[in-house]
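A.B. asks: dropping the sequence and predicted coords here.
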Amino acid sequence: MNILVTGGTGLIGSEFIRQHQKKHSFTVVSRNRDKAQALLGGDIDILDSVSKIEDMSAFDAVINLAGEPIADKRWTDTQKRIICESRWSATAEIVAKINDCKTPPKVFISGSAIGFYGNQLDKQVTEDTQPNDEFTHQLCSKWESIANGVDNSVTRVVLLRTGVVLTDKGGALGKMALPFKLGVGGKLGHGNQYLSWIHLQDMVDAIAFLLENEACNGAFNLTAPGPVTNSEFSNQLASALNRPCLFTVPSFVMKIAMGESSTMILEGQQVIPQKLTTAGFEFTYPSLTVALAEIYQG
């Protein structure tokens, strides 16, 4: 396939391209062409904006992973607008280009997140679960709605409701692991809130599965089938690192440090990849124990 990727220099996009560039040809949209070329290699075509694409008919598929990192900064009103617009405007531009071309791509895979569901306490969450209306739901709901503006009678639309991606190549795990490496790690808040995660390799494999499986459409939870509580995650991470898990970071400390965005850590969701497993996808790393062992022991 000839595939257009936005967000191709990010953790997920760059790994997907690295693993599949012998099978597919890629064009990547990146504002920093030199950085993208250095990261992805000379065989990848780089465009600095979607507006430079004259005709989407050139592509068999589009994978849209662009967006401002959601947890890197405090959620001020300004930062919330940046987070939203970086996803909404980029997706709207792609949708318009797809709808305007004579021979649209066969599949449009667009990012989303399990934040779509909002706080669900300890309820088991599937793709059919009614969401709780809060900022992350409003962000993801509109993001998905824009993506669904593609004419799905011609182009298959798949939405990736992604959990916390675990890898030693970047992302959240390094930040989570640092306190444990320093010997001061422990659970966050009461520790009963769920963490829905997915190993990076399963994330890459799931995207490939959804790309190629023509029966798959709509929203899919990209999380492992074994979500765990924060307390369990903390203990397993400590064990994988051969470090103690002795401390508790009180909720009020997280709220002071992170502001409103701390809700993503202190509340959480127990998300199950129901549609993905029903479609026949098999996880290489279905349990946290196996995932952390691969990451830290190879």
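C.D. replies: That came through fine.
A.B. asks: CA atoms of the top helix by length along the chain as PDB?
C.D. replies: Longest helix of the chain, by residue count under DSSP state H: helix 77-100. Extracted as PDB, the C-alpha positions of helix 77-100 are listed here (Å, rounded to 0.1, in the frame of the first residue of the first chain):
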ATOM      1  CA  ASP A  77      -7.500  27.000  29.100                       C
ATOM      2  CA  THR A  78      -4.900  27.800  26.500                       C
ATOM      3  CA  GLN A  79      -3.300  24.400  26.600                       C
ATOM      4  CA  LYS A  80      -6.700  22.700  26.300                       C
ATOM      5  CA  ARG A  81      -7.300  24.700  23.100                       C
ATOM      6  CA  ILE A  82      -3.900  23.700  21.800                       C
ATOM      7  CA  ILE A  83      -4.600  20.000  22.600                       C
ATOM      8  CA  CYS A  84      -8.000  20.100  20.900                       C
ATOM      9  CA  GLU A  85      -7.100  22.200  17.800                       C
ATOM     10  CA  SER A  86      -4.000  20.100  17.100                       C
ATOM     11  CA  ARG A  87      -6.300  17.100  16.700                       C
ATOM     12  CA  TRP A  88      -9.500  18.600  15.300                       C
ATOM     13  CA  SER A  89      -8.000  20.900  12.700                       C
ATOM     14  CA  ALA A  90      -5.500  18.300  11.300                       C
ATOM     15  CA  THR A  91      -8.200  15.700  11.100                       C
ATOM     16  CA  ALA A  92     -10.700  18.100   9.400                       C
ATOM     17  CA  GLU A  93      -8.100  19.000   6.800                       C
ATOM     18  CA  ILE A  94      -7.400  15.400   6.000                       C
ATOM     19  CA  VAL A  95     -11.200  14.600   5.800                       C
ATOM     20  CA  ALA A  96     -11.700  17.500   3.400                       C
ATOM     21  CA  LYS A  97      -8.900  16.300   1.200                       C
ATOM     22  CA  ILE A  98     -10.300  12.700   1.100                       C
ATOM     23  CA  ASN A  99     -13.800  13.900   0.300                       C
ATOM     24  CA  ASP A 100     -12.500  16.100  -2.500                       C
END
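A.B. asks: elements contacting the next helix or strand after it?
C.D. replies: Next along the chain after helix 77-100, taking DSSP states H and E as the criterion, comes strand 107-113. Strand 107-113 sits against strand 61-64, helix 77-100, helix 135-147, strand 156-162, helix 200-212, with contacts defined as 3 or more Cβ pairs under 8 Å, 6 or more residues apart in numbering; DSSP states H and E. The C-beta positions use only the backbone N, C-alpha and C, and glycine is treated the same way.
A.B. asks: run a quick neighbour tally on residue 212.
C.D. replies: Residue 212 has 11 neighbours, counted by other Cβ atoms under 10 Å.
A.B. asks: I'd guessed residue 227 sits against residue 197; true?
C.D. replies: Yes - using Cβ atoms under 8 Å, residue 227 is in contact with residue 197, at 7.0 Å.
A.B. asks: between these two, what contacts are shared?
C.D. replies: residue 163 (Cβ atoms under 8 Å, 6 or more residues apart in numbering).
A.B. asks: what's the model's confidence in stretch 88-102, averaged?
C.D. replies: Stretch 88-102 shows a mean pLDDT of 96.
A.B. asks: contact partners of it?
C.D. replies: By Cβ under 8 Å, 6+ apart, the residues outside stretch 88-102 that reach it are 6, 50-51, 53, 55-57, 62, 64, 66-67, 104-105, 108, 110, 142-143, 146-147, 149-151, 155.
A.B. asks: cool, stretch 183-191 as well?
C.D. replies: Stretch 183-191 is contacted from outside by 177, 179, 229-231, 234, 237-238, 243-251, 254, 265-266, using Cβ under 8 Å, 6+ apart.
A.B. asks: got the buried residues for stretch 143-158?
C.D. replies: Using 16 or more other Cβ atoms under 10 Å as the test for burial, stretch 143-158 gives 143-144, 146-148, 150, 155-158.
A.B. asks: list the contacts of it.
C.D. replies: Stretch 143-158 has contacts (Cβ under 8 Å, 6+ apart) with 64, 87-88, 91-92, 95, 98-99, 104-112, 116, 159, 210-211, 214, 216-220.
A.B. asks: give me the ChimeraX select line for those residues, limited to the buried ones.
C.D. replies: Under the burial definition 16+ other Cβ under 10 Å, those of the contacts of stretch 143-158 that qualify are selected in ChimeraX by:
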select :64,87,88,91,92,95,98,104,105,107,108,109,110,111,112,116,159,210,211,216,217,219,220
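A.B. asks: which of the contacts of stretch 183-191 are buried, as a ChimeraX select command?
C.D. replies: In ChimeraX, a selection of the buried entries from the contacts of stretch 183-191 looks like this (16+ other Cβ under 10 Å):
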select :177,179,229,230,231,234,237,238,243,245,249,254,265,266
